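Colleague: Prediction below, plus the sequence it came from.
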Amino acid sequence: MNTSSCIGISTMKPCCRILISNHNSSLFGISLPRFSNSVMTHNLSKSQSKPINQRRFLCCYSINNRSKIIGNNKCLPNSNLRGFNVRDSNLIQPKGFSSSLHVHRGSLRGVLVIPKVASDFRNHSTSLDAHVNEKGFERIYIQGGLNVKPLVIENIETLDNVVKEEEQRSNINGPNIDIDYFKGLNETVPKVERELSEIESEAWKLLRGAIVNYCGTPVGTVAANDPAEKQPLNYDQVFIRDFVPSALAFLLNGEADIVKNFLLHTLQLQSWEKTVDCYSPGQGLMPASFKVRNAPLDGGDGEFEEVLDPDFGEAAIGRVAPVDSGLWWIILLRAYGKITGDFALQQRVDVQTGIQLILKLCLADGFDMFPTLLVTDGSCMIDRRMGIHGHPLEIQALFYSALRCAREMLTVHDGTKNLVAAVNNRLSALSFHIREYYWVDMKKINEIYRYNTEEYSTDAVNKFNIYPDQIPSWLVDWIPEEGGYLIGNLQPAHMDFRFFTLGNLWAIISSLGSSKQNEGILNLIEAKWDDLVAQMPLKICFPALEYEEWRIITGSDPKNTPWSYHNGGSWPTLLWQFTLACIKMGRPGLAEKAVALAEKRLSEDQWPEYYDTRGGRFVGKQSRLFQTWTIAGFLASKMLLEQPEKASLLFWEEDYELLEICVCALSKTGRKKCSRSAGRSQTHA
């Protein structure tokens, strides 16, 4: 059979498509064929010419088994194709792909064809099957905007056949067998669910109201859904970062489909092209957000099609690419598998390839000598200028978490063994680096206070040439006798002593910090409750930048004024991560106290994005109301406290084997050496 490229496009509207803002998008590591504007114009039903940098994946519909064909070769007629229920998410990954696929959804039928990827697809495969001598890899067909696995259609029975088969099975032993007798023998006793409180019911209603659909399928939640907001800016988009607490709430509530759809749709938005062009995303970069837009259909009379339009930072404030999106995506992928048990999703070829691309982007060689990621201001949750450029703790903690996730999910074979080795090496080096150089407590501050400077040798104690005068006056009185924390940033001659909550919480969750350090962080939060929690949990950082320091570091940012927004504002969405950290450390009482505090005000204040003032008394002056991750963070916190067994699936314990691999220390020659004793010491440091 001739398997040259063809794209089946139906005449039913609306259609769905994905806009990829690349000069040359490639899928699964293989570049798609280029078309000139004239060819595109001719092939796309005489539509208007489109810019070359807008490659589209179309998800269209046809009626009466008819399709319009684009390309030089003909597709097989679809009269022999069997329909299947697209709601079935438990379909099995095949060893090979069939030559055609027809999707049935009620009265609509859709086809998306991505041709001619077989030639190099096996080389990029990281699934468990090696696909040796398989001949069914000619095409990949994915339904609904690329949200289900490729399938072997020949093995799918029609619904009528399945029903008949079940009837035959039930009657195989004769009519005198009481089938009902066997029901429930292998079933577990259902868990008695408590009645939801009024505020929880309201939160669920708001969360479901924030769901975004693409081609009739839920794919995420908008950042905020305030009906009174006249200028939503980009808050009407689906952010990878913001969707994580929503995803967790849905997963804990047994609603996994939206999370699976989100993971697969955002995967298809990932940048696949290796490029050095200005203003183009690098290979493996995940978008910060995407929006489902209704675009007029070419040549249509008032008809439209749905478009997935990603933002890689081109429209963001500061035009900064998101470093954390890919890290959050990997973390969420693991959480999905852990909670649902659907580990087959992780083994898909496209998913494995997506993980590898993110890792290669993060592990790429550069000029940096440290195991930490070098990033700019505005590349994470703190998406404005706040003096966090360099090696901010938040990114390092998420990086470490994503590496641990990838280490669990990557399929190891000849094509990935070098990547797995690089992940292991970076994990151990990063753990050592953060525990050794980012940690501060009373003992460490006393050491810094007595540092010698300008030490030029490999035996230097003050390796980063930190000047003792950098110790701020507020820290001297603020640091408790018991407990400590990981500082916000470390660079040559610079230590950012601010307490950044997200990075410290994820250091606990991922065991980036040692067990003693993790305990010390919670001790500090408890001791400084009035500063970090006060009347609304939790401060994004402490203390705020004020006066001349605020003017210089933030550029006089009118939104990041002292004790507002990212500059010391209180963010309720941090509640679920605090809850997870407390459960891990066996101190759920702290989380319950914080949740109860938030529960008193969130609904009354209309679920704001953040709170202002040192004590978190006022709703943020520019805070969006009905902020989705505030709502979802509250719900996730409540469910985590009720289901600690599921919470245990989401965090990591200390990996002693990892610490045995290699801990980077410096010998007198200045070269790295493996120090197992140093690794062991870090477990109790």
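Modeller: That came in fine, so what should we check first?
Colleague: Show me what stretch 365-372 is in contact with.
Modeller: For stretch 365-372, contacts defined as C-beta atoms under 8 Å, 6 or more residues apart in numbering pick out 374, 391, 395-396, 399, 426, 429-430, 432-434, 490, 664. The C-beta positions use only the backbone N, C-alpha and C, and glycine is treated the same way.
Colleague: Can you tell me which of these end up in helices?
Modeller: Members of these lying in helices (criterion: DSSP state H): Ile395, Gln396, Phe399, Arg426, Ala429, Leu430, Phe432, His433, Ile434.
Colleague: Turn those residues into CSV, including distance to Val461, pLDDT and neighbour count.
Modeller: Shown next, in CSV, are the ones in helices among the contacts of stretch 365-372 (distance: C-beta to C-beta, whole Å; pLDDT from 0 to 100; neighbours: other C-beta atoms under 10 Å):
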residue, distance to Val461, pLDDT, neighbour count
Ile395, 27, 98, 25
Gln396, 23, 98, 26
Phe399, 27, 98, 28
Arg426, 25, 95, 21
Ala429, 20, 94, 19
Leu430, 22, 96, 21
Phe432, 17, 94, 22
His433, 16, 95, 18
Ile434, 18, 97, 27
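Colleague: still on that earlier bit, pipe the contacts of stretch 365-372 into TSV and attach distance to Pro558 per row.
Modeller: What follows is the contacts of stretch 365-372, written out as TSV (distance: C-beta to C-beta, whole Å):
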residue	distance to Pro558
Leu374	29
His391	28
Ile395	26
Gln396	29
Phe399	31
Arg426	39
Ala429	40
Leu430	36
Phe432	41
His433	36
Ile434	34
Leu490	29
Cys664	43
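Colleague: can you redo the ones in helices among the contacts of stretch 365-372 as TSV with distance to Leu285?
Modeller: Output for the ones in helices among the contacts of stretch 365-372, formatted as TSV (distance: C-beta to C-beta, whole Å):
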residue	distance to Leu285
Ile395	14
Gln396	19
Phe399	15
Arg426	19
Ala429	24
Leu430	21
Phe432	28
His433	25
Ile434	24
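Colleague: now the closest residue to Ala397 other than its chain neighbours: how far from Asp496?
Modeller: Of all residues not flanking Ala397 in the chain, Trp506 sits nearest, at 3.7 Å (C-beta to C-beta, 6 or more residues apart in numbering). Using C-beta to C-beta, to the nearest Å, Trp506 is found at 17 Å from Asp496.
Colleague: same question, Lys593
Modeller: From Lys593 to Asp496 the distance is 29 Å (C-beta to C-beta).
Colleague: can you tell me the average pLDDT over the helix or strand containing Asp477?
Modeller: Asp477 belongs to helix 473-478 when assigned by DSSP states H and E. Averaged across helix 473-478, pLDDT comes to 94.
Colleague: Just the C-alpha atoms of that helix, please, in CSV.
Modeller: C-alpha atoms of helix 473-478 as CSV (Å, rounded to 0.1, in the frame of the first residue of the first chain):
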residue,chain,number,x,y,z
SER,A,473,20.1,43.4,59.6
TRP,A,474,16.6,41.9,59.5
LEU,A,475,18.1,38.4,59.3
VAL,A,476,20.1,38.7,62.5
ASP,A,477,17.0,39.3,64.6
TRP,A,478,14.7,37.1,62.5
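Colleague: Enumerate every residue touching the residue lying closest to Val238 once chain neighbours are set aside.
Modeller: Nearest in space to Val238, with sequence neighbours left out and distances taken as C-beta to C-beta, 6+ apart, is Gly220 at 3.5 Å. Each residue near Gly220 by C-beta under 8 Å, 6+ apart is listed here: Ile211, Val212, Val238, Phe243, Ser246, Ile258, Asn261, Phe262, His265, Phe290.
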